[in-house]
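Participant: model this:
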Amino acid sequence: MPPLQAVPLVPPSLPPSVGKGTGMFVGREAELVQLQERLALALQGQRQLVLLSGEAGIGKTTLVDAFVAQVRAHTAVWIGRGQCVEQYGAGEAYLPLLEALGRLGRGPDGAPLVAALRQQAPSWLPHLPALLSAADAAALPRQMHGLSRRQGHGAPHRDEGPQQRGAGTDQE
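Facilitator: You can find the predicted model right below:
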């Protein structure tokens with residue numbers, strides 16, 4: 001595998017402050033390079049997932065804001081953001097992903113995402129009701145029932161949704 005190359009997200013002709021947040025941003029250059037490397041791989045068609053974690057106040061949001069500002073300024077991509085929040089009681093393991101998809105789907109260019117979900121992952125749509133018209137939401141239970149019957153009982157779904165992968169059980 002060839003060595004990774006960082007994507008130049010801020011052209012050299014721009015002042016250093018362009019694309020960076022307005023607040024103090026110090027000592028996160030290595031993390032920005034890692035994010036740029038993941039973006040480069042994604043732009044080459046290799047799926048990427050980045051999970052960012054750390055103690056409160058360490059600068060996670062500032063890092064993401066700086067990276068997203070650079071990307072949006074120079075690359076035409078969809079950027080979905082979801083976050084984990086501390087919850088009491090039963091939580092939803094896919095909540096950050098559902099939040100990101102919901103934000104993208106409600107955006108001005110969300111129609112292609114909703115169409116892709118309808119085609120590739122219809123079982124996710126009940127978890128994203130704000131993306132559906134009233135008529136589509138009303139028809140969804142019938143469509144989901146038809147999807148289950150076509151795939152047969154016990155057959156794995158190619159588009160397993162948040163509650164279909166052994167949720168609430170000890171299954172892997």
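
Participant: Would you mind giving me the confidence score for residue 23?
Facilitator: Looking at residue 23, its pLDDT stands at 52.

Participant: What of the one 5 residues further on?
Facilitator: In this model, residue 28 is scored at 86, pLDDT.

Participant: can you pull the contacts of it?
Facilitator: For residue 28, the contacting residues are 59, 62, 63, 66, by CB atoms under 8 Å, 6 or more residues apart in numbering. All C-beta atoms are positioned from the backbone trio N, CA, C, and that covers glycine.

Participant: Next, the buried residues of stretch 75-95.
Facilitator: Going by neighbour count (16 or more other CB atoms under 10 Å), the buried part of stretch 75-95 is 80, 82, 94, 95.

Participant: whoops, stretch 125-132 was the one
Facilitator: Going by neighbour count (16+ other CB under 10 Å), the buried part of stretch 125-132 is 125, 126, 127, 128, 131, 132.

Participant: Specify the local secondary structure of residue 140.
Facilitator: What DSSP: H, G, I helix; E, B strand; the rest coil gives for residue 140 is helix.
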